[in-house]
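1. Structure, please.
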Amino acid sequence: MNYLNCFNNINTADEAAEAIHCIQKCGETVLYNDKEKRLVLWREAYDKSPEEHMIKISKLLKIDSRESYEAADKTYNLTMY
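-> I've put the predicted structure just below:
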């Protein structure tokens with residue numbers, strides 16, 4: 001499966017969390033970026049194509065700070081992989 005398939009049909013926080021798990025299962029690295037104040041894929045350093053999806057996921061999960069990221073991680077186990 002291509003990681004881009006993980007971005008289909010994301011409309012809720014639960015779906016956003018499942019997308020993060022899917023992305024990680026595809027071998028991608030998801031991390032919180034203090035400068036962007038959102039979740040990013042490591043590949044965004046050279047490939048901006050997933051940027052709008054990661055912005056949407058961050059908004060659905062209400063991630064806009066290190067603290068909100070840690071809270072979302074506790075709720076949805078975002079770092080399980």
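
2. for the top helix by length along the chain, packing partners?
-> Secondary structure of the chain per DSSP state H: the longest helix is helix 13-25. Contacts defined by 3 or more Cβ pairs under 8 Å, 6 or more residues apart in numbering; DSSP states H and E place helix 13-25 against strand 30-33, helix 51-60, helix 66-76. (Each C-beta comes from the backbone N, C-alpha and C, glycine too.)

3. so which of those comes closest to Asn9?
-> Nearest of those to Asn9, taken as Cβ to Cβ: helix 51-60 at 11.7 Å.

4. how far out from the middle of the chain is that closest one?
-> Offset of helix 51-60 from its chain centre (Cα atoms, centre = their mean, to the nearest Å): 7 Å.

5. which residues are in contact with that helix?
-> 7, 10-13, 15-16, 19-20, 38-41, 44, 64 (Cβ atoms under 8 Å, 6 or more residues apart in numbering).

6. let's see 6 Å
-> Contacts to helix 51-60, defined as Cβ atoms under 6 Å, 6 or more residues apart in numbering, come from residues 7, 13, 16, 19, 38-40, 44.

7. Which among those count as buried?
-> For the contacts of helix 51-60, a neighbour count by 16 or more other Cβ atoms under 10 Å gives the buried set as 7, 13, 16, 19, 38-40.

8. Throw the contacts of helix 51-60 into a markdown table and include distance to Met54 and pLDDT, thanks.
-> Conversion of the contacts of helix 51-60 to a markdown table gives the following (distance: Cβ to Cβ, whole Å; pLDDT from 0 to 100):
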| residue | distance to Met54 | pLDDT |
| --- | --- | --- |
| Phe7 | 9 | 97 |
| Ala13 | 15 | 98 |
| Ala16 | 10 | 98 |
| Ala19 | 10 | 97 |
| Arg38 | 6 | 98 |
| Leu39 | 5 | 98 |
| Val40 | 6 | 98 |
| Glu44 | 7 | 96 |
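
9. Relative to Trp42, how far out is the nearest residue to Cys22 once chain neighbours are set aside?
-> Excluding the flanking residues, the one nearest Cys22 by Cβ to Cβ, 6 or more residues apart in numbering is Cys6, at 3.6 Å. Between Cys6 and Trp42 the computed distance is 15 Å (Cβ to Cβ, to the nearest Å).
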